[in-house]
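In: coordinates for the following, if possible.
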Amino acid sequence: MEPTSPITLAVVSGGLSLPSSTRLLADRLTEAASAELARSGREVRVLVHELRPLATPISHHLLSGFPSPSLGDALEQVSTADALIAVSPIFSASYSGLFKSFFDLLDPGALEGKPVLIGATGGTARHSLALEHALRPLFAYQRALVAPTAVFAASEDWGGTGDSRTDTLPRRIERAGAELAALTLAAPANPRRADGPTVTPSALGFH
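Out: Residues are numbered from 1 along each chain as shown. Here you go, the predicted model:
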C-alpha cells in the first residue's frame, strides 16, 4: 500500500435491534483500529454499513440477482476497502442469517487478501466460540487475512472487569484494533480499490 494514500476502513454491523450492542462493539473496534492507523500518520476513511436497513434489498437481490442502489454501494465499498471490520450477533451458536446473506452476495475473490477483524455479540459468554467455528471459517473460505484476535462481547462484558483468561473487553478491543492496523499497513494495495473523491467518514454511534 502506498504510504501516502488514505486507508479506507469498511465496517459491517449485523445488529438487528435499536440501539444495538453489535453496532456498539463495531464502533469500539473501529475507534481502536482508526486510532492505531492515525498514529502511523495515515488518513483513515471509515464507511459504516448497517445491515438492518438493507434486509429487504438483500432478500430481493438473493431472489432476483440484482442489487438495489444502496445495497450495490455497500457491496462495492466493502469490496474496494483496504480493511474490514465485521460484527454479527450470535443466534443458535452462529452468525445471523442476514449477516451471512450479505457476504454471500460479494463477488468471488472480493475479500481475498483483505485484512479483516471479526467480532460478535451475544447474551452470554457461552456463545463466544461461534467466532472460531463460524465467523473465522467464513472469512477464511473467502481467503481474507483475519486478525488473530477476535472479540466477543457478552452482556456482562460491558463495564465488566474480565478475568485472567479473557482480560477486559476494552483491552481485547485495543489489541484487536492494533492487530488490524498492523495487517493493513503491511498489506499490498487492494487491486479492486476505486480511485475517486474522498468519502466523508460515517459518524460513529447508534443509527
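
In: can you show me the strands along the protein?
Out: 7-13, 44-50, 83-91, 94-95, 115-122, 145-146, 151-154 (DSSP state E).

In: for A147, phi and psi?
Out: phi -60, psi 140 (degrees, to the nearest 10).

In: so can I have JSON lines of the strands of the chain showing mean pLDDT?
Out: Supplementary listing: these in JSON lines, determined by pLDDT from 0 to 100:
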{"stretch": "strand 7-13", "mean pLDDT": "97"}
{"stretch": "strand 44-50", "mean pLDDT": "97"}
{"stretch": "strand 83-91", "mean pLDDT": "96"}
{"stretch": "strand 94-95", "mean pLDDT": "94"}
{"stretch": "strand 115-122", "mean pLDDT": "96"}
{"stretch": "strand 145-146", "mean pLDDT": "98"}
{"stretch": "strand 151-154", "mean pLDDT": "93"}
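
In: in a markdown table: those, plus distance to H133 and mean neighbour count.
Out: Heads up, the C-betas are built off the backbone N, CA and C, glycines and all. A markdown table is the format used below for the strands of the chain (distance: least, Cβ to Cβ, whole Å; neighbours: other Cβ atoms under 10 Å):
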| stretch | distance to H133 | mean neighbour count |
| --- | --- | --- |
| strand 7-13 | 20 | 25 |
| strand 44-50 | 25 | 21 |
| strand 83-91 | 11 | 27 |
| strand 94-95 | 8 | 20 |
| strand 115-122 | 11 | 26 |
| strand 145-146 | 13 | 22 |
| strand 151-154 | 12 | 24 |
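
In: do you know which of these lies nearest G72?
Out: Between G72 and those, the shortest gap by Cβ to Cβ is with strand 44-50, which sits at 11.9 Å.

In: run the angle between the closest one and strand 83-91 for me.
Out: Strand 44-50 and strand 83-91 are oriented at 30 degrees to each other (axes from the mean of the first three to the mean of the last three Cα atoms, to 10 degrees).

In: strand partners of strand 44-50, parallel vs antiparallel please.
Out: strand 7-13 (parallel) (DSSP bridges).
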